[in-house]
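[1] Dropping a prediction and its sequence here:
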Amino acid sequence: MLTAGQKSDIASAADLITDLPKGAMLLADKGYDANALRNAVTERKA
């Protein structure tokens, strides 16, 4: 997924993990540390 240079990657993070399989591990830097993303990952059981 390509985003504009001034747009934060965290805004697209939930879309990027839609294909994350159950039990998968997600490795991200502190720029992705947000409760909304943590919740989305938890909902996917990853």
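    Sure, I can see it.

[2] Please work out how many residues are found near residue 22.
    7 (other CB atoms under 10 Å). Bear in mind the C-beta positions are built from the backbone N, C-alpha and C, glycine included.

[3] So it, which state does it fall into?
    Counting by DSSP: H, G, I helix; E, B strand; the rest coil, the backbone at residue 22 sits in coil.

[4] what's near enough to touch it?
    By CB atoms under 8 Å, 6 or more residues apart in numbering, the residues touching residue 22 are 44, 45, 46.

[5] Correct me if wrong: the first one contacts residue 17.
    Yes - here residue 44 lies in contact with residue 17, judged by CB atoms under 8 Å, at a distance of 6.4 Å.

[6] one step back: and the contacts of residue 22 as JSON lines, adding pLDDT and distance to residue 25?
    Output for those, formatted as JSON lines (pLDDT from 0 to 100; distance: CB to CB, whole Å):
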{"residue": "44", "pLDDT": "89", "distance to residue 25": "12"}
{"residue": "45", "pLDDT": "91", "distance to residue 25": "12"}
{"residue": "46", "pLDDT": "89", "distance to residue 25": "7"}
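
[7] Mind giving me the PyMOL command for buried ones among those residues?
    Per 16 or more other CB atoms under 10 Å, the buried members of these correspond to this PyMOL selection:
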select buried, resi 44
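
[8] chain center to stretch 36-44, what's the gap?
    Distance of stretch 36-44 from the chain centroid (CA atoms, centre = their mean, to the nearest Å) equals 8 Å.

[9] Only alpha carbons, please: show it as PDB.
    Taking Å, rounded to 0.1, in the frame of the first residue of the first chain, the C-alpha atoms of stretch 36-44 are listed here in PDB:
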ATOM      1  CA  ALA A  36      -6.500   1.000  18.300                       C
ATOM      2  CA  LEU A  37      -3.900  -1.000  16.400                       C
ATOM      3  CA  ARG A  38      -3.300  -3.300  19.400                       C
ATOM      4  CA  ASN A  39      -7.000  -4.000  19.600                       C
ATOM      5  CA  ALA A  40      -7.200  -4.700  15.900                       C
ATOM      6  CA  VAL A  41      -4.300  -7.200  16.200                       C
ATOM      7  CA  THR A  42      -6.000  -8.800  19.200                       C
ATOM      8  CA  GLU A  43      -9.300  -9.100  17.400                       C
ATOM      9  CA  ARG A  44      -7.400 -11.000  14.600                       C
END
